[in-house]
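> A predicted structure for the sequence below; I have some questions about it.
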Amino acid sequence: MFIRTVKIPSSNGAVNEYVRIVESYRQQGKVKQRVIADLGRKDLLTALLPQLQRVLLGQPLLPGEDPNAIEVLDAATWGPLLVVRTLFEQLGLWELFDDLFPVGRDGVAGADRAFVLLANRLIRPCSEHGLARWLESDFVCDRRGRRFVPHWHPHGRVQVHHRQLDAWYRTLDRLVASKSRIELHLYNRLRDLFSLQPDLVLFDITSTYFEGSGPKDFAKHGYSRDGKSQNVQVVIGLVMVAGWPIAHHVWEGNRLDSTTVQEAVRDLRTRFAFGRLVFVGDRGMVSEENLEALQRDGNGYLVGLKRRRNAHLDGWLQAVDEAAWLDCPMGITAREKKKNPPRTRVQEVASGVEGQRVFVIDSDERRQYEQSKRQQAQERTRVKLLSVQRRVAAGELTDPAQIGAAAERAVRAHKGYRYFAWQIRDGAFEFFEHPVHFEREQRLEGRYVIATSEKAFAALDAVAKYKELMDVERGFRRMKDVLSLRPVYHQVEPRVRGHVFVAVLALLLQTLLQRRLEEVGVDLSAEHALQAVETVRQVSFAVNGQQRSGVSAANPRARQVLNALNIENLRPPTPPEDEPTVM
């Protein structure tokens, strides 16, 4: 290791010299260097050098020297903000937002306020009200180095001054108004950075619920993916290409999945100028009208088919040749099991539909799960039917209509009609395995069907491409659980759309961070990487009454993250002396 000095211009035009500890290392036969620690400005270290030497050598204090001459004033978390600022720069968001958003009356650029909202959603997601508490603990600054500080002004339940809240709400409104341009810019930027080939488009739907009534005629009751059917909600559609979220849509809460497909595809063709694309969607997206519309416009599809309410499906399952299965590559979970790892197999069967190919997929893991759920439901139904049988035998139920009503309630509770049939013979109630339905249920267990219009897809390719839909599902989980998309508290439609947009943009930044880590072989998730760099702090301290500042050294895991993003300068910009903070 050795010491190096570098000169870095500050935002006010001054040039400061910084001292760093640098380490040499060898990679692929080449000698490279990396920064181990940033010790701070050379002029400030010079003033501290005598005292620092005595501390390091264990020498006693000089006569009259105050042992408490160094007083730590603040140690704010800075590392995660530094990472997000770098991701912003790589995506060209600073320049884009500067073009879109004006500088406010308070002298703060709209791009810097948008950065604060996105960084907060990615680092410590909270509402605009809670954002003030985050500003106290983290060093959130604009590009001039001025630190954002909370403007506390308690008024009833609201603790933050309305002017500061209004500034964040106006930023949300500006983001929503510019959504189309922002998404298009980011798509073009990703295409340049990662050579995206937008021929396979993944699309899926989720919902998020409100606490409160939500916007009228927008927040509505519908099918809740969050198990909150009592709450009103909105429906969110996410479009992904090669693992990147490139567009999203927000609809009223009772929008049906199948009615969203053509709108999403039309947007890709018009706004993003997509040529022919292959649409990949789950069972909820499938309708004859959608598939016909896709092909009519020259597009293709790869979709999962409903396992019930499909007249062809049982015939396809019966057409399976047990000797014709192809083994699919094992996933991580299967590879971790040394004995009898679960298999996934596929085979193509004749569809009987012109222009459509059908693949039956058989999954051991899925079969184990579905068999256990079926056996559980079957046993619960059997218990209920035994109760009806005992009541009839005891003379408690004698009227055939009453017996039939009780039997129907028993089989309806746990979908027992899939497994049992019943009859009344000579006044006695009997039940037994359904001769048709039960066998069909057993054929379904562990198997599902996908269909495609593409002649060039091999069976294994079709399965692999369809399983990429899990990228969208993982994106939804990260948005909901890590980025705290739910619940929504806003009561105005544009603010709801802004809340969702910020979460989607944060998901994109998180995806970019994950890609950068993977490119250099850092075995950390994006979430854990942001936690690792929390050790990098902006420290303010006083030396003999004079205020100084510096950045704490990164630990080994944090250095891995910083190196993955090629971050060498750890210090924030130096603010103007007369304006160190902004609201």
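Yep, it's here. Numbering: from 1, shown residues only.

> quick one: the helices in the stretch 151-300 of the chain, in order.
162-177, 179-194, 261-270, 288-296 (DSSP state H, counting those that start in this stretch).

> which non-adjacent residue is nearest Val349?
Ala319 (4.6 Å; Cβ to Cβ, 6 or more residues apart in numbering). For every residue, glycine as well, the C-beta is placed using N, CA and C.

> quick check: that neighbour vs Arg412, distance?
32 Å (Cβ to Cβ, to the nearest Å).

> returning to that earlier point: pLDDT at the residue nearest to Val349, what is it?
On pLDDT, Ala319 comes in at 93.

> surely it meets Ala350?
Yes - using Cβ atoms under 8 Å, Ala319 is in contact with Ala350, at 6.7 Å.

> one step back: now tabulate the helices of the stretch 151-300 of the chain in JSON lines and tack on distance to Gly416, mean neighbour count and mean pLDDT.
Below are those laid out as JSON lines (distance: least, Cβ to Cβ, whole Å; neighbours: other Cβ atoms under 10 Å; pLDDT from 0 to 100):
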{"stretch": "helix 162-177", "distance to Gly416": "48", "mean neighbour count": "18", "mean pLDDT": "90"}
{"stretch": "helix 179-194", "distance to Gly416": "48", "mean neighbour count": "17", "mean pLDDT": "93"}
{"stretch": "helix 261-270", "distance to Gly416": "34", "mean neighbour count": "17", "mean pLDDT": "90"}
{"stretch": "helix 288-296", "distance to Gly416": "31", "mean neighbour count": "15", "mean pLDDT": "88"}
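
> can these go into a markdown table with extra columns for distance to Leu524?
Shown next, in a markdown table, are the helices of the stretch 151-300 of the chain (distance: least, Cβ to Cβ, whole Å):
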| stretch | distance to Leu524 |
| --- | --- |
| helix 162-177 | 29 |
| helix 179-194 | 20 |
| helix 261-270 | 33 |
| helix 288-296 | 39 |
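
> closest one to Pro576 among those?
helix 162-177 (20.1 Å; Cβ to Cβ).

> tell me where the longest helix sits in the protein.
helix 364-393 (DSSP state H).

> return the list of helices and strands in contact with that helix.
helix 400-413, strand 420-425, strand 428-433, strand 447-452 (3 or more Cβ pairs under 8 Å, 6 or more residues apart in numbering; DSSP states H and E).

> so which of these comes closest to Gly145?
Checking the helices and strands packed on helix 364-393 against Gly145 by Cβ to Cβ gives strand 447-452 as the closest, at 53.8 Å.

> which parts of the helix or strand that the closest one is followed by are buried?
Going down the chain from strand 447-452, the next helix or strand is helix 459-467, by DSSP states H and E. Using 16 or more other Cβ atoms under 10 Å as the test for burial, helix 459-467 gives 459, 462-463, 465-466.

> same thing with stretch 131-149?
Per 16+ other Cβ under 10 Å, stretch 131-149 contains these buried residues: 131-132, 134-135, 138-148.

> next one: stretch 226-242
Those would be 228, 231-242, for stretch 226-242 by 16+ other Cβ under 10 Å.

> save these as a markdown table, and put in distance to Gly315 and pLDDT too.
Shown next, in a markdown table, are those (distance: Cβ to Cβ, whole Å; pLDDT from 0 to 100):
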| residue | distance to Gly315 | pLDDT |
| --- | --- | --- |
| Lys228 | 38 | 90 |
| Asn231 | 41 | 92 |
| Val232 | 41 | 94 |
| Gln233 | 37 | 94 |
| Val234 | 39 | 94 |
| Val235 | 33 | 93 |
| Ile236 | 36 | 93 |
| Gly237 | 32 | 92 |
| Leu238 | 34 | 92 |
| Val239 | 34 | 92 |
| Met240 | 33 | 91 |
| Val241 | 35 | 90 |
| Ala242 | 36 | 88 |
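
> in strands, which of the residues you listed fall?
Among the buried residues of stretch 226-242, the members falling in strands are 233-241 (criterion: DSSP state E).

> out of those residues, flag the one nearest to Ile403.
The closest of those, once distances to Ile403 are taken by Cβ to Cβ, is Gln233, at 41.2 Å.

> quick check: the nearest residue to the closest one once chain neighbours are set aside vs Trp244, distance?
Computed as Cβ to Cβ, 6+ apart, the closest residue to Gln233 that is not its neighbour in sequence is Gly253, at 4.0 Å. Distance of Gly253 to Trp244, computed by Cβ to Cβ: 27 Å.

> just Ala554 next, same as before
Applying Cβ to Cβ to Ala554 and Trp244 gives a distance of 28 Å.

> what do you get for Arg170?
Distance from Arg170 to Trp244, by Cβ to Cβ: 29 Å.

> who's in contact with the residue lying farthest from the centre of the chain?
Centroid-distance maximum for the chain: Asp426 at 61.0 Å, with Cα atoms, centre = their mean. Residues near Asp426 by Cβ atoms under 8 Å, 6 or more residues apart in numbering: none.

> tell me the confidence at the closest residue to Ala76 other than its chain neighbours?
Of all residues not flanking Ala76 in the chain, Phe139 sits nearest, at 3.8 Å (Cβ to Cβ, 6+ apart). What the model reports as pLDDT for Phe139 is 91.

> circling back: which among the helices and strands packed on helix 364-393 is found nearest to Leu73?
Using Cβ to Cβ, the nearest of these to Leu73 is strand 447-452, at 60.9 Å.

> in a helix, Lys339, correct?
No - looking at Lys339 with DSSP: H, G, I helix; E, B strand; the rest coil, it is coil, so not inside a helix.

> gap between it and Tyr369?
From Lys339 over to Tyr369 the distance is 19 Å, taken as Cβ to Cβ.

> comparing those two, which residue is more hemmed in?
Tyr369 (13 against 4; other Cβ atoms under 10 Å).

> nothing else from me, thank you.
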